[in-house]
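Student: Pasted the sequence and its predicted model underneath.
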Amino acid sequence: MLQITVTARHFKAPEELHTAIEQELQKLRRFYPGPLKAHIVLEEERGFKHVEILLNADGEEFVVKEKGDSYIAALNRAVDILVRQLRKQKTRRQGR
């Protein structure tokens, strides 16, 4: 199960952006089969689009902040970082 909450600060996020966020975050399901809760914060500052992802994976907290020329670019980089973190966590867990 993947629960997603999106907060857009000072603007209304278009439906296409919500769809893109859901599609990108589905990648995380491959690396963590348990319940996931994601809170995504979108905001624009000095011309850059900022994406912050707060991910709760069964009690484990992951926080990633990225910025880019577009929300999609920042989102893609943030999800790539989360994938690496989840892989690392999975490896640690299997090593125990």
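Tutor: Happy to help now that I have it.
Student: The lengthiest helix in the chain: how far from the chain's middle?
Tutor: The helix that spans the most residues within the chain, counting by DSSP state H, is helix 71-95. Chain-centre distance of helix 71-95: 9 Å, with Cα atoms, centre = their mean, to the nearest Å.
Student: Give the rounded mean pLDDT of it.
Tutor: Here helix 71-95 scores 89 as its mean pLDDT.
Student: where along this structure do the helices fall?
Tutor: Assigned by DSSP H, the helices in the chain fall at 15-25, 71-95.
Student: Low-confidence regions, this protein specifically.
Tutor: 96 (pLDDT under 70).
Student: Quick check: Glu24 touching Ala73?
Tutor: No: judged on Cβ atoms under 8 Å, Glu24 makes no contact with Ala73 at a distance of 11.3 Å. Glycine gets a C-beta too; all of them are placed from N, C-alpha and C.
Student: Compare those two (neighbour count), which wins?
Tutor: Using other Cβ atoms under 10 Å as the criterion, Glu24 and Ala73 rank with Glu24 on top: 19 against 14.
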